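Give me a model of this one.
(one chain, ligands or ions: 1)
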Amino acid sequence: MTQTPRRNLVIVGGGTAGWMAASYLNRFLVRKGWQITLVESPDIGTIGVGEATIPSLVRFLRAMDFDEDVFMRRCAATYKLGIAFTDWFGHGHRYFHPFGICGSINGLDLFHFWMKHRIEGQATEAYTDYSLQSLLADEAKGPRQHGADSPIMRTGTYAFHLDAGAFAQFLKEVATAEGVRHLFGEVRAVRRDPWGDIAAIDIGGGRELAGDLFIDCTGFRGLLIEETLGDPWIDWGRYLLCDRAVVMPLPREDDPLPYTRSTALDAGWMWQIPLSTRTGNGYVYSSQHASPDQAAQALIDRADLRRARSADPRHLKMRIGRRGNGWVRNCVAVGLASGFVEPLESTGIHLIQRALELLVDNFPAGDRDDLLRAAYNRRMQALYEEVRDFIVLHYVLTDRVEPFWRDARSVAIPDTLQDSLDAYEMDGRMHLTHSDIFSETNHHFILAGNGRLPRRPTARVDFTPLQPIVPVLRQIREQNRAMAASLPSHRALIAAINANP
Ligand code: FAD
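Numbering: from 1, shown residues only. Coordinates of the predicted model:
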C-alpha cells in the first residue's frame, strides 16, 4: 500500500492569529497527513491587544469543543452583550449596539414595526428598548445562570472580553498537545522555488524550515505576503482617519460590566474593556489631530488618574486597509498581515476566524487550486470591505464639532455604504452588498441610535394596521423583563465561573 507523503504547513508568527491558525487548522489537517509547525520570533513581540470579540467567537469555541467555563477562566474572560457608545453623536449622548435581534414579525425585522409605532402611535421608546441584550447590559446582568442554559446561549448571541495573551497561551497548549511543532526563531531569509512559490524559510542557527503551504501571521509587517511575495497593501486612510493607539491596562473593576464602552474623545475614541483580572483601556486617535503625549494624557485624564499612576502607556501605530490578495501562491496572510480596520466593532479576531474557516473550505486539493484561491480572496476582500463600511458609518453620523470629528465625517464615503444609506433614508431597508458580519439589524441599531430614521416604514408594514402590532411590541418587552429578572448579576456569574475550577 502506498502511503500519502507527509505535507508541511508552516505558520510564521505566534500572536493571536498564529495560535488560532495552529490550533484550528490542525484539527482538520492532521487527519490528512499534514504536519503543522509554528515559528515565532523570541524578540519581536506580539501586538498585545485584541480583547473584545463578537458572537462568532462562540462558533469557534464550539468548533474547538472547548468548555466555556474553562475557556473563560483561562482567558480572564467576561461576557460581552454589546457596545455602549458615549459622546459619539454629541457630548452627553449615549446609544447602545447590542448583539442579537429585537425580534421579527412575519419574517420582517421588528425595526419596521417599531418605526410604525413611533410615527403613528407617537411612541417614544428607543429601538434598543426591545433588545434583551440591551436590557441585561443596563441591569449589569449575565446572560445565563451558572451551570445552566439560556435563550441567549442557545442562539449564540453573546461574546466575550478576553486577555489576548492568555488566549494565545491557551490555544498554544491545545495545539502543541495535539501535535503542532513550536519553534522559536526569527525568519532571516526566504528561499523560493523556480516557479516563485516559497520553498523554505531560514530561521537562524543554521535551521531551514521547508513547507508546502505557509501562513503569514507576522502582524502589520507582512513578512512573507508583502516583503517576499510583494502583495500590495490597499490603504484606507482616506476613509478612516485614526492611525494610532495608546494602550494602558488598569486594575480590575469590582463590578465588570457585560459590555464594551466606547467613548468619543477630541481626536478619536477610547475603549474600556472589563476582564476578570484587569480593565483594558486604549485611545484610538488620529496622528493628524493629536500627538502621542496629548493622547496619553487624554487617556489618563479620562481613565481615572489615581488608578492609572502605576500603568505605563504603550503607543501603537495602526495600518488601516487590506491586502490586495490575502492568498498569493502558497502563502496565506492571516491576522494583521492580511488587513486591519480600526477596532471600533471588535472585528480583528473575527476576521482571523473567517480566514481560517474559508481556508479550510477552499483548501488546496491539487485540482484547479487557482479557483479555490480566487474564491477565498474574493470572500476575504468582501469581509474587509463590509467591516470598513460599517465602521465608517459610525463616523459619518456624528454631530460633533471638533476638527477631528468634522474631518472624520467629511471622508469619502464608499459607494457601497452610500447606496445602503440612500436606501435606508427611504424606507429603512438597506439592500446591503455584504452582510456576512453586520446585518441590517446591526445597521439599524447604529442609525436609530444616532437619531437617523427613514422617512417611512417598509411598505408591507406601512400597509398593516397599527392596532394588532402594539400588543406584540408590549409582549416582547414583558418577556425580556421576565427573562432579565431570572438571570444573575454579571459580577456574580463571573465570580461563580472563577470559583469552580
Ligand atoms: P501580532 O500580535 O503582531 O503577532 C505577530 C507575530 O509575528 C509575533 O509572534 C512576532 O514574534 C512574529 N514575527 C514577526 N516578524 C517575525 C519574523 N521575522 N520571524 C519570526 N516571527 C516573526 N481585535 C479584536 O478582535 N478585538 C479588539 O478589541 C481589538 N482591539 C485592537 C486594538 C488595537 C489598537 C489594535 C492595533 C488591534 C486590535 N485588534 C482587536 C486586532 C487584534 O489585536 C489582532 O487581530 C490580533 O492580535 C492578531 O494579531 P497578529 O497575530 O496578526 O499579529
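
residues in the stretch 301-450 of the chain within reach of the ligand, list them.
When proximity is defined by CB under 6 Å from any ligand atom, the stretch 301-450 of the chain lies next to the ligand at Leu316, Met318, Gly335, Leu336, Ala337, Pro343, Ser346, Gly348, Ile349, Ile352. C-beta: built from backbone N, CA, C; applies to glycine.

Just give the number of residues close to the last one.
Neighbours of Ile352 under the rule other CB atoms under 10 Å: 25.

That one: which element?
Assessed by DSSP states H and E, Ile352 sits inside helix 348-361.

ok, residues contacting that helix?
16-17, 20-21, 24-25, 28, 50, 53-54, 56-57, 59-60, 326-327, 332, 334-336, 338-340, 376, 379-380, 383-384, 387, 436-437 (CB atoms under 8 Å, 6 or more residues apart in numbering).

Can you mark which positions in it are buried?
In terms of neighbour count (16 or more other CB atoms under 10 Å), helix 348-361 has its buried residues at Gly348, Ile349, His350, Leu351, Ile352, Gln353, Arg354, Ala355, Leu356, Glu357, Leu358, Leu359.

Looking at these, which is nearest the ligand?
Distance to the ligand across these (CB to the nearest ligand atom) is lowest for Gly348, with 2.4 Å.

how about Glu173, phi and psi?
Note on Glu173: its backbone torsions stand at phi -60, psi -40 [degrees, to the nearest 10].

just Trp88 next, same as before
Recorded main-chain torsions at Trp88 are phi -70, psi -50, according to degrees, to the nearest 10.

can you pull out the strands in the stretch 1-150 of the chain?
In chain order, the stretch 1-150 of the chain shows strands spanning 7-12, 34-40, 78-80, 82-86, 94-98, 104-105, 108-109, with DSSP state E, counting those that start in this stretch as the criterion.

Which of the contacts of helix 348-361 are buried? Put it as a ChimeraX command.
What follows is the ChimeraX syntax selecting those of those that are buried according to 16+ other CB under 10 Å:
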select :16,17,20,21,24,25,50,53,54,56,57,60,326,327,332,334,335,336,338,339,340,376,379,380,383,384,387,437
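
Please flag which of the contacts of helix 348-361 sit within helices.
In helices, defined here by DSSP state H, the members of these are 16-17, 20-21, 24-25, 28, 56-57, 59-60, 376, 379-380, 383-384, 387.

between the helix or strand harbouring His394 and helix 348-361, how big is the angle?
Assessed by DSSP H and E, His394 sits inside helix 369-396. With axes from the mean of the first three to the mean of the last three CA atoms, to 10 degrees as the basis, helix 369-396 and helix 348-361 are set at 160 degrees to each other.

which residues are contacting the helix or strand following helix 369-396?
Counting by DSSP H and E, the element after helix 369-396 in chain order, helix or strand, is helix 403-409. Contact partners of helix 403-409, identified using CB under 8 Å, 6+ apart, comprise 241, 264, 266-268, 285-286, 288-290, 395-398, 400.

Show me the domain layout of the chain.
Segmentation of the chain into domains, based on automatic domain parsing, reads 7-77+162-236+321-387, 100-157+414-501.

Could you save those as TSV and add columns showing mean pLDDT and distance to His91?
Conversion of these to TSV gives the following (pLDDT from 0 to 100; distance: least, CB to CB, whole Å):
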stretch	mean pLDDT	distance to His91
domain 7-77+162-236+321-387	97	19
domain 100-157+414-501	95	14
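
So which of these has the densest surroundings on average?
Ranked by mean neighbour count, the domains of the chain are led by domain 7-77+162-236+321-387 with a mean of 20 (mean count of other CB atoms under 10 Å).

ok, now which ones touch Asn498?
In this structure, Asn498 makes contact with Met72, Arg73, Ser276, judged by CB under 8 Å, 6+ apart.

What sits closest to the closest residue to the ligand within the stretch 401-501 of the chain if chain neighbours are left out?
Nearest to the ligand in the stretch 401-501 of the chain, going by CB to the nearest ligand atom, is Ile437, at a distance of 11.7 Å. Nearest-residue entry for Ile437: Glu386, 5.7 Å, with adjacent residues in sequence omitted and distances by CB to CB, 6 or more residues apart in numbering.

What of Met318?
The spatially closest residue to Met318, leaving aside those adjacent along the chain, is Asp243, at 5.3 Å (CB to CB, 6+ apart).

near the ligand, which residues of the protein?
By the rule CB under 6 Å from any ligand atom, the part of the chain lying against the ligand is 12-18, 39-41, 44, 46-47, 49-53, 164, 186-187, 217-219, 221, 223, 245, 282, 284, 316, 318, 335-337, 343, 346, 348-349, 352.

now the contacts of Asn498 as TSV including distance to Gln133?
Written out in TSV, the entries for the contacts of Asn498 read as follows (distance: CB to CB, whole Å):
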residue	distance to Gln133
Met72	18
Arg73	23
Ser276	20
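
Excluding sequence neighbours, find me the nearest residue to the spatially most central residue of the chain.
If you average the C-alpha coordinates of the chain and look for the closest C-alpha using CA atoms, centre = their mean, you land on Thr347, 1.8 Å from that point. Of all residues not flanking Thr347 in the chain, Val387 sits nearest, at 4.8 Å (CB to CB, 6+ apart).

just checking, that neighbour touches Val341?
Yes - A contact is recorded between Val387 and Val341 when judged using CB atoms under 8 Å, the distance being 4.6 Å.

Could you export stretch 106-117 as CSV, CA atoms only?
Presented in CSV, the C-alpha positions along stretch 106-117 are these (Å, rounded to 0.1, in the frame of the first residue of the first chain):
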residue,chain,number,x,y,z
ASN,A,106,-44.0,37.7,9.8
GLY,A,107,-40.3,37.5,8.8
LEU,A,108,-39.7,41.2,8.9
ASP,A,109,-37.3,42.7,11.4
LEU,A,110,-39.1,44.4,14.4
PHE,A,111,-37.4,47.7,13.4
HIS,A,112,-40.0,48.4,10.8
PHE,A,113,-42.9,47.8,13.3
TRP,A,114,-41.1,49.9,15.9
MET,A,115,-40.9,52.7,13.3
LYS,A,116,-44.6,52.5,12.6
HIS,A,117,-45.4,52.6,16.3
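
contacting residues around it?
101-105, 123, 127, 130, 428, 440-441, 444, 448, 453-454, 456-458, 460-462, 464, 466, 469-470, 472-473, 476.

So which of the residues you listed are in helices?
Among those, the members that lie in helices (by DSSP H) are Glu440, Thr441, His444, Ala448, Arg460, Val461, Asp462, Ile469, Val470, Val472, Leu473, Ile476.

Take these and write them to a markdown table, including distance to Ser489.
Conversion of those to a markdown table gives the following (distance: CB to CB, whole Å):
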| residue | distance to Ser489 |
| --- | --- |
| Glu440 | 32 |
| Thr441 | 27 |
| His444 | 29 |
| Ala448 | 28 |
| Arg460 | 40 |
| Val461 | 37 |
| Asp462 | 42 |
| Ile469 | 34 |
| Val470 | 32 |
| Val472 | 30 |
| Leu473 | 28 |
| Ile476 | 23 |
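
so which of the residues you listed would you say is closest to Leu171?
Distance from Leu171 was checked for each of these by CB to CB. The minimum falls on Thr441, at 30.8 Å.
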